[in-house]
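In: sequence and predicted model, in that order:
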Number of protein chains: 2
Amino acid sequence: MGGDHGVRVTLPSIADFLRAFDDCSVLLVGNEKLISPFLTDHPAIGSRCSILHTEEEVLSSDPISVALRQKKSSSMRLAIEQVRDGVAQAAVSAGNTGALMALSRFLLKTHPGIDRPAIISALPTSSGHCYMLDLGANVDVEADHLLQFARMGALVAQLRDNRTRPRVALLNIGSEDIKGNQLIKSAHQLLMSSDLHYVGYIEGDGIFRDEADVVVCDGFVGNVALKCSEGVAHLLADRIRFEVSRSPLRKFLGLLSLPIWRALKKQMDPSLYNGASLVGLTGVVVKSHGGASRQGFLNALGVARAEAIHNLPDRIAGCFQPTES
Amino acid sequence: MGGDHGVRVTLPSIADFLRAFDDCSVLLVGNEKLISPFLTDHPAIGSRCSILHTEEEVLSSDPISVALRQKKSSSMRLAIEQVRDGVAQAAVSAGNTGALMALSRFLLKTHPGIDRPAIISALPTSSGHCYMLDLGANVDVEADHLLQFARMGALVAQLRDNRTRPRVALLNIGSEDIKGNQLIKSAHQLLMSSDLHYVGYIEGDGIFRDEADVVVCDGFVGNVALKCSEGVAHLLADRIRFEVSRSPLRKFLGLLSLPIWRALKKQMDPSLYNGASLVGLTGVVVKSHGGASRQGFLNALGVARAEAIHNLPDRIAGCFQPTES
């Protein structure tokens, strides 16, 4: 367990999580030597933690084949096996996304009627947030997969936000019917004749204007869209920091304006949107950003808890069963 | 001529342009009745403007077929014809992008060796700007088209920014060789064996971190990436405005911090990046954002002037000729 910053970030974050939710306990899969001292230092939390020891780990540079075939006792694999075997209700990892997806798919399998799992995450909008999928699990998809993503996304919005009829949109490069490639046009037809509350095409900027609750796209486009959004947000934050620190006067003004910056940070902090779930599988698996902060990893744990409580995998299975039979 | 705000925005912008560049004159293609009064009021500028009158215009809702086959004397078509006939050295339009691309391609044609024109624009980065193409002209491309885009983009960076060896990158969803779809992998091979300064894959966030001077992608991905970036920037700007105006005290602090906001606006203002050119054609055509401000339209005019001065179309033709023969 770890991500880019290792247990230095994840363990304090798990402590925060256990303090916030007394209905949860945590099974820590990783190197006992790194984990034990923290638990000894925090006995109140330590009593709700157990350790599944392993020293093998999937590296971010490992090809999927290595994670799947060679590292049979990696912490990532063992964590997913705990979900498969009913020992844990959800697995959270800050590791290699490709390996996590491949291992999850291999060990947990998808539900009948779902060809491929997808990665879904919340994104900020002008009046709250929306969900976008797929964010990188599937680079080559067919129209029918996009319809499956749409149905899974709608269920996530329903369960997590209590939305009775989430607005589903298809990401495209124009809102007119004639725009887009063949894949998008076919998916548009499928969505039009589905029972979803399909609101049509959405453009990249529409995502952030709250034009939909669920935005559907293939994994290539979704990943680029997500990373671009993160890139622009970082660029803007850097520019603000630079401008505020340019002179003593500006630093002083910046200090005076601290409540404004704090409020902005609170709303736009990428940590708040950390935690992408792999939907379509028979168990809950949540991916945290490798470089997530303590707050970010805590958020990913919260996503995992919410999906386990709502029993998202079974609800998705139930939603696909009747239409497939 | 007009865009979303019509001549109210474009005419003052043209006046600014003529004041800034005394080596230019402007041929205004559109409704004389709307244009003349402005020219009469600004005689110094009026002397360097002429009008090509037409009342027909391509609407943003017009399908491409209408623009191509029915509206034979639309202002858009007449403007491009002036470029084709050597009357003008560049055409600038704030109208329907699809129609502009189709008319430009039909009237100006592409250079030998170039299968498809592409849309290219500058995007802000941590240390200046980069160029990205294609931004929406081509939704279904082959690997060879991406190589052509790369070569055109490199030439734009060379000519407009005096970069001797622009870094060219391919937009992908990971920086490892195994990532991406088949199209990307094939284009990667082509770029590796080209004479370009190819730096490999770039992820969405890398665009804004100055990892490349030219970012190559297909028109679907490029358009989504561009629009997402605009969407996030608008969302952040709106949040800042909201936070600053929440209380009288904050408004006061906001006023005190005006130099900071102004500097940020100056750097991040989308107007500064307005003006996307259609490259690969035998003439210069620049697309302004429909909703561009006076400053934005001025920037698009500046892009057109720079490309005409550098004779970009001929330079691109020259760059493709030898390798194709």
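Out: Sure thing, it's come through.
In: list the helices and strands the lengthiest strand in chain A packs on?
Out: Scanning chain A for the strand with the most residues, using DSSP state E, yields strand A:118-125. Here strand A:118-125 is seen to pack against strand A:128-133, helix A:143-161, helix A:219-244, strand A:276-279 when contacts are counted using 3 or more CB pairs under 8 Å, 6 or more residues apart in numbering or on different chains; DSSP states H and E. Quick note: C-beta positions are derived from backbone N, CA and C, even for glycine.
In: what's the angle between the longest one and strand B:118-125?
Out: Using axes from the mean of the first three to the mean of the last three CA atoms, to 10 degrees, the direction of helix A:219-244 lies 40 degrees away from that of strand B:118-125.
In: so for helix A:219-244, what gets flagged as buried?
Out: Within helix A:219-244, the residues that count as buried by 16 or more other CB atoms under 10 Å in any protein chain shown are A:219-233, A:235-237, A:239-240, A:243-244.
In: near chain B too, which of those?
Out: The residues of those that also fall near chain B, by CB under 8 Å from any CB of the partner chain, are A:219-221, A:223-233, A:235-236, A:239-240, A:243-244.
In: buried ones in stretch A:90-104?
Out: So for stretch A:90-104, counting by 16+ other CB under 10 Å, buried means A:90-104.
In: state the number of residues packed around A:Leu183.
Out: A:Leu183: 18 surrounding residues under other CB atoms under 10 Å in any protein chain shown.
In: skipping adjacent residues, who's closest to it in space?
Out: Counting by CB to CB, 6 or more residues apart in numbering or on different chains, A:Leu183 lies nearest to A:Ala143, which is 6.0 Å off, once chain neighbours are set aside.
In: contacts only, for the one you found.
Out: Contacts for A:Ala143 were tallied using CB atoms under 8 Å, 6 or more residues apart in numbering or on different chains; they are A:183, A:186-187, A:189-190.
In: distance of it relative to A:Gly219?
Out: Separation of A:Ala143 from A:Gly219 (CB to CB, to the nearest Å) stands at 15 Å.
In: can you give me the helices for the stretch 1-150 of chain A?
Out: Ranges of helices in the stretch 1-150 of chain A, per DSSP state H, counting those that start in this stretch, are A:7-20, A:32-41, A:43-46, A:64-65, A:75-84, A:97-108, A:143-161.
In: tell me which residues touch the nearest residue to A:Ser121 once chain neighbours are set aside, please.
Out: Sequence neighbours aside, A:Ala276 is the residue nearest to A:Ser121 in space, at 3.8 Å (criterion: CB to CB, 6+ apart). For A:Ala276, the contact set (CB under 8 Å, 6+ apart) comprises A:119-121, A:135, A:286-287, A:303.
In: now swap in A:Val26 and tell me
Out: So A:Val26 contacts A:14, A:17-18, A:48-50 (CB under 8 Å, 6+ apart).
In: spatially, which two of those are the most separated?
Out: Distance extremes for the contacts of A:Val26: the farthest pair is A:Phe17 and A:Ser50 at 14.9 Å, using CB to CB.
In: more crowded one of these two?
Out: A direct count of neighbours by other CB under 10 Å for A:Phe17 and A:Ser50 places A:Phe17 higher, at 23 against 13.
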